[in-house]
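[1] coordinates only, sequence not included:
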């Protein structure tokens, strides 16, 4: 059956005389052409020959449709344009292999996106207001289908999300995929526990002066505390929690950048200090094991002022134990500025095994978790994603126009 | 003594405002005077460098002539948008916004008189982002586990009508840093 604009087209059309006339013409043409099109799909319908004054057209009549994205794989990557602190924002889904944009997710203020099950599940923790930027606030969780880019679940949570420039570890999901955990800053510090299976908020657990959430098991997670310890938290189905502090990880005279490299699947986190040291920690259930600290730089580089920096300045490739870090020569207090280089480290030895000079300085990086990993380097102020072969440093793709100020690039595990 | 008094005043006001608007236990308990008062002041970064260009990887080089420019000395830890460019002023919010009682702090060097001053940045809230005169300055910015020095937070806690949307930022001086 050939497609016909019909009454719906007319109704959807603007009522301007010109558009109305066009719609009526299109309707008439379709009705007249329908039998020919059905019989000669892919060929030039007779009616079009007549319509064009007898001159044959080289292009067959088109069908139109809404596409689906391919099933997500480990080359799927998402770029979130926080647009600074805009109340209306968007997330682009891309295929890292081709560098093509596959679809878009519309969202609100400072959304946190969490991917599970190799990217087959997408969860968004979101905030919206009744009248654009004003009126009662509404926080909620939505699931997104990675193939149709449409909403597959939507339910309410308390209005407690911490509205800070999106930091991935302010929201995460337990290792079994059952509970979403979100950080609350005010009116008191806490972690909201959301049952994704029942689609309901269970409880917000008060926590001490600790931040960021690192899931370490089906009912456990860790946090980084003001005084340099980690907080171990375990909870039950009712949200009743047990907590204890680890020994001090962060020396009192050092500070950690806000975004460490974290693998929920491996239970590993790599904190970076402002001055260029890596602090590895293994997280299993309620146990944290501190690894051996290693230095990102040699003595000569330290004299030149090399230091890590960016918004998401580190990414870890699980299969190869490679840590990718944004670095550059920088003055003090430029720790959040883009970097022009990515240094690569073997986390089993702490040794540097590679260096990639980026085409343009990047604010955030991520790495695909397949056997032939891609390095994603995001320029916030240019809205551009550069895609490199993570093993050779060769530039594969440059994807432009990804919003106004994209800060987040996220790849599934 | 001067510094202690100044900080006590700042955070007392902050505490009262938050407490009066919060029905639950105030989060100021953990960001309260005990941790934020005089004890924290020795850790405040004091910027003493001079110059006239905007920040880059080469570092902060403040000027004292044009407050509508991001390298104006008061904006040394301002990561956001200048209210000066959005209908407000250096120390005043634009019409129709709500001024936040909460703030983050930094020490900024004034190249004109060679002194460093404490700035308690205040967000103007309740409207969408101004998106004019965007600045990205991070002098003295500390990680999120030290939120009183973090400029990545929407500092609209306690604003009227619980307005938690960010519009722009003002840079009032609250005293001398050293």
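    On my side now, so go ahead. Predicted, not measured: the structure shown is a model, and the values here were computed from it. Numbers count the residues shown, from 1 in each chain, chains lettered A, B, ... in the order given.
[2] how about stretch B:147-161 and chain A, touching?
    Yes: shown here: stretch B:147-161 in contact with chain A (CB under 8 Å from any CB of the partner chain) through B:147, B:150, B:152, B:153, B:154, B:156, B:157, B:161. In this view, the C-beta of every residue, glycine as well, is placed from N, C-alpha and C.
[3] ok, residue A:197 - contacts?
    For residue A:197, the contacting residues are residue A:178, by CB atoms under 8 Å, 6 or more residues apart in numbering or on different chains.
[4] can you confirm it is in a strand?
    No: counting by DSSP: H, G, I helix; E, B strand; the rest coil, residue A:197 is not found in a strand; it is coil.
[5] the residue in chain B that chain A sits nearest to and residue A:329, how far apart?
    Closest contact between chain B and chain A, by CB to the nearest CB, is at residue B:59 (2.9 Å). To residue A:329, residue B:59 is 11 Å away according to CB to CB, to the nearest Å.
[6] between these two, which is the more surrounded one?
    Neighbours were counted for residue B:59 and for residue A:329 using other CB atoms under 10 Å in any protein chain shown; residue B:59 has more, 18 against 15.
[7] name the nearest residue to that one, sequence neighbours excluded.
    Leaving aside its chain neighbours, residue B:59 sits nearest to residue A:331 (2.9 Å; criterion: CB to CB, 6 or more residues apart in numbering or on different chains).
[8] what about the residue lying closest to residue A:136 once chain neighbours are set aside, which helix or strand?
    Among residues not flanking residue A:136 along the chain, residue A:130 sits closest, at 4.9 Å (CB to CB, 6+ apart). Using DSSP states H and E, residue A:130 sits in strand A:121-131.
[9] show me what that strand is packed up against.
    With contacts taken as 3 or more CB pairs under 8 Å, 6 or more residues apart in numbering or on different chains; DSSP states H and E, strand A:121-131 sits against strand A:100-107, strand A:112-116, strand A:134-144, strand A:179-184.
[10] now the helix or strand that the longest one is followed by against strand A:121-131, angle please.
    Read that as strand A:134-144. Proceeding N to C from strand A:134-144, the next assigned helix or strand is strand A:151-157, under DSSP H and E. Note on geometry: by axes from the mean of the first three to the mean of the last three CA atoms, to 10 degrees, strand A:151-157 and strand A:121-131 are set 60 degrees apart in direction.
[11] and the helices in the chain?
    All of this refers to chain A. A:6-12, A:17-39, A:46-51, A:299-304 (DSSP state H).
[12] try again with chain B
    Under DSSP H, chain B gives helices at B:2-21, B:33-36.
[13] mean pLDDT for these: which is lowest?
    When those are compared by mean pLDDT, helix B:33-36 comes last with a mean of 32.
[14] the residue nearest to residue A:136: how many residues sit nearby?
    9.
[15] now do residue B:58
    The tally of other residues near residue B:58 (other CB under 10 Å) stands at 13.
[16] so what's the nearest residue to it once chain neighbours are set aside scoring on pLDDT?
    Using CB to CB, 6+ apart and skipping the chain neighbours, the partner closest in space to residue B:58 is residue A:331 (5.6 Å). pLDDT, residue A:331: 96.
[17] spit out the contact partners of the residue in the stretch 251-400 of chain A that chain B sits nearest to.
    Proximity of the stretch 251-400 of chain A to chain B (CB to the nearest CB) peaks at residue A:331, 2.9 Å away. Shown in contact with residue A:331 (CB under 8 Å, 6+ apart): A:305, B:57, B:58, B:59, B:60.
[18] for the last one, which non-adjacent residue is spatially closest?
    Nearest residue to residue B:60 in three dimensions, chain neighbours excluded: residue B:139, at 5.0 Å (CB to CB, 6+ apart).
[19] now swap in residue A:276 and tell me
    Leaving aside its chain neighbours, residue A:276 sits nearest to residue A:296 (4.3 Å; criterion: CB to CB, 6+ apart).
[20] ditto for residue A:260
    residue A:271 (4.4 Å).
[21] let me see the contact set for the one you found.
    By CB under 8 Å, 6+ apart, the contact list for residue A:271 reads A:224, A:249, A:250, A:256, A:257, A:260, A:278, A:279, A:281.
[22] low-confidence ranges in chain B?
    Under the criterion pLDDT under 70, the flagged ranges of chain B are B:1-55, B:178.
[23] show me where it has its strands.
    B:79-81, B:98-110, B:115-125, B:134-136, B:166-170, B:173-176 (DSSP state E).
[24] can you put the helices and strands packed on strand A:121-131 in JSON lines and add distance to residue B:74?
    Below are the helices and strands packed on strand A:121-131 laid out as JSON lines (distance: least, CB to CB, whole Å):
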{"stretch": "strand A:100-107", "distance to residue B:74": "34"}
{"stretch": "strand A:112-116", "distance to residue B:74": "32"}
{"stretch": "strand A:134-144", "distance to residue B:74": "29"}
{"stretch": "strand A:179-184", "distance to residue B:74": "31"}
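[25] just the ones you listed: most buried one?
    Compared across those, strand A:179-184 shows the largest average neighbour count, a mean of 24 (mean count of other CB atoms under 10 Å in any protein chain shown).
[26] helices or strands next to that one in the packing?
    strand A:121-131, strand A:171-173, strand A:190-195, strand A:210-217.
[27] so for the residue lying closest to residue A:203 once chain neighbours are set aside, what's the pLDDT?
    Spatially, and ignoring its direct neighbours in sequence, residue A:203 is nearest to residue A:239 (2.9 Å; CB to CB, 6+ apart). For residue A:239, the model assigns a pLDDT of 97.
[28] ok, back up a step: present the helices and strands packed on strand A:179-184 as JSON lines; the columns should include mean pLDDT.
    Listed next are the helices and strands packed on strand A:179-184 as JSON lines, based on pLDDT from 0 to 100:
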{"stretch": "strand A:121-131", "mean pLDDT": "97"}
{"stretch": "strand A:171-173", "mean pLDDT": "98"}
{"stretch": "strand A:190-195", "mean pLDDT": "98"}
{"stretch": "strand A:210-217", "mean pLDDT": "98"}
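[29] want to throw the ones you listed into CSV with distance to residue B:75?
    Formatted as CSV, the helices and strands packed on strand A:179-184 follow (distance: least, CB to CB, whole Å):
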stretch, distance to residue B:75
strand A:121-131, 27
strand A:171-173, 30
strand A:190-195, 33
strand A:210-217, 26
